[in-house]
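> Return a 3D structure for these sequence lines:
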Amino acid sequence: MQRSRTVRTRAARKGRGRLFAEVFDQGGELVIYDARGQRLGVVRGSNGRDPRRRRARFFEMVRQIWERNRGIPPAVIEGEVARAVRAARARGSRKRG
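Residues are numbered from 1 along each chain as shown. Sure thing, here's the model as predicted:
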């Protein structure tokens with residue numbers, strides 16, 4: 001669940017590392033107000049894009065790819081990757097050209 005939290009500038013300055021880490025980890029937003037109560041800005045979190053979760057998904061994908069390619073000689077895989085890189089670079093240079 002994302003939440004909105006408000007702080008004054010003085011509190012934001014004192015606890016900025018903790019506040020920003022909290023917003024990044026938990027999502028939501030941090031609304032910063034000045035001493036007169038005027039809204040100065042908003043810091044939005046990662047909206048649930050937890051870096052630990054992304055890392056776990058990445059390694060799960062790597063594991064799945066490894067499983068699908070088990071038994072294929074590394075030289076064959078390297079050749080396929082090299083061909084794909086060349087093709088992608090060729091497409092990129094045509095777009096810029």
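> so where is this protein shaky, pLDDT-wise?
1-3, 46-50, 94-97 (pLDDT under 70).
> partners of the host helix or strand of Gly41 in the sheet?
Per DSSP states H and E, Gly41 falls inside strand 39-44. Within its sheet, strand 39-44 is paired with strand 29-33 (antiparallel), according to DSSP bridges.
> residues in contact with the strand it pairs with?
With contacts defined as Cβ atoms under 8 Å, 6 or more residues apart in numbering, strand 29-33 is touched by 2-9, 12, 19-20, 23, 39-45. C-betas here are computed from N, CA, C, even on glycine.
> Mind checking which of those are buried?
With burial judged by 16 or more other Cβ atoms under 10 Å, the buried subset of the contacts of strand 29-33 is 7, 12, 19, 23, 43, 45.
> Kindly reformat those as CSV containing distance to Arg91.
Below are the buried ones among the contacts of strand 29-33 laid out as CSV (distance: Cβ to Cβ, whole Å):
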residue, distance to Arg91
Val7, 48
Ala12, 46
Leu19, 44
Val23, 39
Val43, 38
Gly45, 36
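> Would you tell me which one of those residues comes nearest to Arg86?
Gly45 (39.8 Å; Cβ to Cβ).
> wait, what's in contact with that closest one?
2, 23-30.
> PyMOL command for the buried members of those residues?
Only the buried entries of those go into this PyMOL selection, using 16+ other Cβ under 10 Å:
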select buried, resi 23+24+27+28+30
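> how about TSV for the contacts of Gly45, with distance to Pro74 added?
Shown next, in TSV, are those (distance: Cβ to Cβ, whole Å):
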residue	distance to Pro74
Gln2	44
Val23	43
Phe24	38
Asp25	38
Gln26	42
Gly27	41
Gly28	45
Glu29	47
Leu30	48
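> Which of the contacts of Gly45 fall in helices?
Of the contacts of Gly45, the ones assigned to helices by DSSP state H are 23-26.
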